[in-house]
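S.K.: quick check, what structure comes out for this input:
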Amino acid sequence: MLSGVKAPFCPGCSHGSSVKYLSKALTECGYNPLDIILVSDIGCSGLVDPLFNTHTIHGLHGRSPALAMGVVLGINEPNKKVITIQGDGGATIGLQHILEASRRNIDMTLIVLNNLIYGMTGGQVSGLSTNDFKTDKRIPDNAPPFDVCQLAHQAGATYVTRVNNPKEITEKLVEAIKTKGFSLVEISSLCQPYGAKKLTQLAEWIEDEILLTNNHPVGQNISKETASLINEKHFIEPKYKSAIEGKVEVIIAGSAGGGVQSAAKLLAEAGIISGLSATMKGEYPITVGTGFSLAEVILSKKEINYTGLEQPDVAIIVTDNGLLKVQNKINKNTNLYIDSKVNPPENTNAKIFDFNKMAGKKGSALSAISLWIEESGLLDINALRDVAKKHKYGDVLLKAIDSSKDMLVR
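M.R.: The predicted structure follows:
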């Protein structure tokens, strides 16, 4: 089951041993690697992904049980096994997801690696941190911890156990994995930097071992046939011609609120009505309204099977935020269009124009795209104008497009 990749855990961390116990248990149960879908969480427990040769899904903090539940009900394959791994921090954050999977008794196994703390962020206590642990660590928090095993059992899980003895972990994992319905295995773990450093010390802090079972029906996927949303292809008849014979990859980089995403979408739509295949994907920070805004567009004569973009043919950069995000992807072969207020990277063939001055903050990216189209001749500028006119801010967008003509004259 294991990939051979070196485990990234701290020396003395029990997570590395738990990985080996899980691999052994899955092998004893007779599974092949591709029979397993491993869903991991954020935190130290989430570092397991590259260690297994199985299918892996990496979820948001606390949400891995919800993702796993969706996988089980979605694939509806009794010969496959979905395993979820999270820490006590993730179990605290996503406790409702554990209760829901237990209530529905979904056929999956959740492994909670409980080292009593949030290890990745500095040793803060979790909702599973015991009061004995907090007292010895002189942490002023006397709120009683959750007992995730009792909660899952009361919610309806078929099989729940807490394992404190490392020699019993493989055996308990085998029992849990073979169980039909929701099973939870809480494994008490060492954390050398912030938690227990020895098993004898851990034994003083953790809850007693427990084994709880229910005899509830296994949750089933109640599905019905509906009309497919993707079986029928809707073809768009080309209205314009393109000079692109192969593939052109374009990066547009600016700042939030600068119209980068809408400009990229218009470029992709212009490519489509020019008889090309097109993809567009955006990237921006979680704050959305501040920081960088990045979009990648691929225009191709052939179908596009991979939307990754590492070495763009064209880079359009209208702010410093945008440059910081993409400068490592730009080289001397990149056709670079950059605003005059941004210092161009060294060893590049940059074409510098007053995009922000001529088209304003919200129109600078679209203005730069228009100028590239006019200079390269790869698309008909009227294709871009056509899709812009249909936008609710069509008049404003057309002004940004037309501003490129003034820059070309200059």
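
S.K.: contacting residues for the closest residue to residue 309 other than its chain neighbours?
M.R.: Closest residue in space to residue 309, ignoring its immediate chain neighbours: residue 296 at 4.5 Å, by C-beta to C-beta, 6 or more residues apart in numbering. Where C-beta positions appear, they are placed from N, C-alpha and C, glycine not excepted. By C-beta atoms under 8 Å, 6 or more residues apart in numbering, the residues touching residue 296 are 249-252, 264, 279-283, 307, 309, 312.

S.K.: and which of these is nearest residue 77?
M.R.: Using C-beta to C-beta, residue 307 comes nearest to residue 77 of the contacts of residue 296, at 28.0 Å.

S.K.: which ones are touching that closest one?
M.R.: By C-beta under 8 Å, 6+ apart, residue 307 lies in contact with 279, 281, 296, 298.

S.K.: I'd say the first one and residue 268 touch.
M.R.: Yes. Using C-beta atoms under 8 Å, residue 279 and residue 268 qualify as a contacting pair, with a distance of 6.9 Å.

S.K.: the two: which has the busier surroundings?
M.R.: Comparing residue 279 with residue 268 by other C-beta atoms under 10 Å, the one with more neighbours is residue 268, at 22 against 17.

S.K.: do I have it right that the more buried one meets residue 278?
M.R.: Yes. Taking contacts as C-beta under 8 Å, residue 268 lies within contact range of residue 278: 4.1 Å.

S.K.: what sits in contact with each of those two?
M.R.: Taking C-beta under 8 Å, 6+ apart as the criterion, residue 268 and residue 278 both touch 297, 299.

S.K.: still on that earlier bit, any chance of the contacts of residue 307 in CSV, plus pLDDT and distance to residue 245?
M.R.: Listed next are the contacts of residue 307 as CSV, based on pLDDT from 0 to 100; distance: C-beta to C-beta, whole Å:
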residue, pLDDT, distance to residue 245
279, 96, 18
281, 95, 23
296, 97, 21
298, 97, 14
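
S.K.: from the residues you listed, pick the one nearest residue 221.
M.R.: residue 281 (30.8 Å).

S.K.: roughly how far does that closest one sit from residue 250?
M.R.: To residue 250, residue 281 is 12 Å away according to C-beta to C-beta, to the nearest Å.

S.K.: more crowded one of those two?
M.R.: For residue 281 versus residue 250, neighbours defined as other C-beta under 10 Å are more numerous around residue 250 (24 against 15).

S.K.: next, that one: secondary structure please.
M.R.: Reduced to three states with DSSP: H, G, I helix; E, B strand; the rest coil, the structure at residue 250 is strand.

S.K.: is it in a bridge, and if so with what?
M.R.: According to DSSP bridges, the partner residues bridging residue 250 are residue 297, residue 314.

S.K.: show me the domain layout of the chain.
M.R.: 15-213, 247-409 (automatic domain parsing).

S.K.: so can I have CSV of the ones you listed showing distance to residue 222?
M.R.: Shown next, in CSV, are those (distance: least, C-beta to C-beta, whole Å):
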stretch, distance to residue 222
domain 15-213, 9
domain 247-409, 34
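
S.K.: and those domains: which comes nearest residue 220?
M.R.: Taking C-beta to C-beta, domain 15-213 is the member of the domains of the chain nearest to residue 220, at 8.3 Å.

S.K.: what about that closest one, start to end distance?
M.R.: Using C-alpha to C-alpha, to the nearest Å, the end-to-end distance of domain 15-213 comes out at 26 Å.

S.K.: gap between the nearest residue to residue 194 once chain neighbours are set aside and residue 10?
M.R.: Excluding its sequence neighbours, the residue lying closest to residue 194 (C-beta to C-beta, 6+ apart) is residue 123, at 3.0 Å. Residue 123 is 12 Å from residue 10, where distance means C-beta to C-beta.

S.K.: and the longest helix anywhere in the chain, what's buried?
M.R.: With DSSP state H setting the assignment, residue counts place helix 394-409 as the longest helix in the chain. Of all the residues in helix 394-409, those buried under the rule 16 or more other C-beta atoms under 10 Å are 396, 397, 398, 399, 400, 401, 403, 404, 407.

S.K.: now stretch 131-138
M.R.: Under 16+ other C-beta under 10 Å, the buried positions of stretch 131-138 are 133, 134, 137.

S.K.: quick one: contacts of that stretch?
M.R.: Here stretch 131-138 makes contact (C-beta under 8 Å, 6+ apart) with 116, 125, 139, 141, 142, 144, 145, 195, 196, 204, 205, 206.
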